[in-house]
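In: no sequence on this one, just coordinates:
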């Protein structure tokens, strides 16, 4: 549950970073917002990847465990 909470928070922050510079006319603000959003989305992606890999490893380990000890 914790591994999925972090990507959701960072995804919402990335949306905030992308929508904030629409009200300003400077190009620099938009570039900084895109860089900030890209960093947040990268952290979100890595967190989701780690959560997925932990889930896959747990399923595989439990299947092997049940095969050897409960058959």
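Out: Perfect, I can see it now. What you see is a predicted model, and the numbers here were worked out from it, not measured in a lab.

In: can we go C-alpha only for contacts and neighbour counts from here?
Out: Noted.

In: now the helix or strand harbouring residue 67: how far from the chain's centre is it?
Out: Following DSSP states H and E, one finds residue 67 within helix 27-69. The chain centroid and the centroid of helix 27-69 are separated by 5 Å, computed with Cα atoms, centre = their mean, to the nearest Å.

In: buried ones in the helix or strand of the chain with the lowest mean pLDDT?
Out: Lowest mean confidence among the helices and strands of the chain (mean pLDDT, DSSP states H and E): helix 2-19, at a mean of 78. Going by neighbour count (16 or more other Cα atoms under 10 Å), the buried part of helix 2-19 is 7, 10, 11, 13, 14, 17, 18.

In: what does it contact?
Out: 30, 33-34, 36-38, 40-41, 43-45, 47-48, 50-51 (Cα atoms under 8 Å, 6 or more residues apart in numbering).

In: so which residue is smack in the middle of the chain?
Out: residue 44 (2.0 Å; Cα atoms, centre = their mean).

In: which non-adjacent residue is nearest that residue?
Out: residue 7 (4.1 Å; Cα to Cα, 6 or more residues apart in numbering).

In: can you get me the centre-to-centre distance for the least confident helix or strand of the chain and its chain?
Out: So, by Cα atoms, centre = their mean, the centroid of helix 2-19 is 7 Å from its chain's centroid.

In: just for the protein, where's the confidence low?
Out: In the predicted model, the chain carries pLDDT under 70 at residues 1-3, 21-25, 71.

In: one more time with 90
Out: Filtered on pLDDT under 90, the chain yields the residue ranges 1-52, 54-55, 64-71.

In: so how far is residue 54 from residue 4?
Out: 12 Å (Cα to Cα, to the nearest Å).

In: nope, residue 65 is what I meant
Out: In terms of Cα to Cα, residue 65 sits 16 Å off from residue 54.

In: which residue packs closest to residue 34, ignoring adjacent ones?
Out: residue 18 is the one closest to residue 34 (Cα to Cα, 6+ apart), at 6.4 Å.

In: how far away is the one you found from residue 7?
Out: 16 Å.
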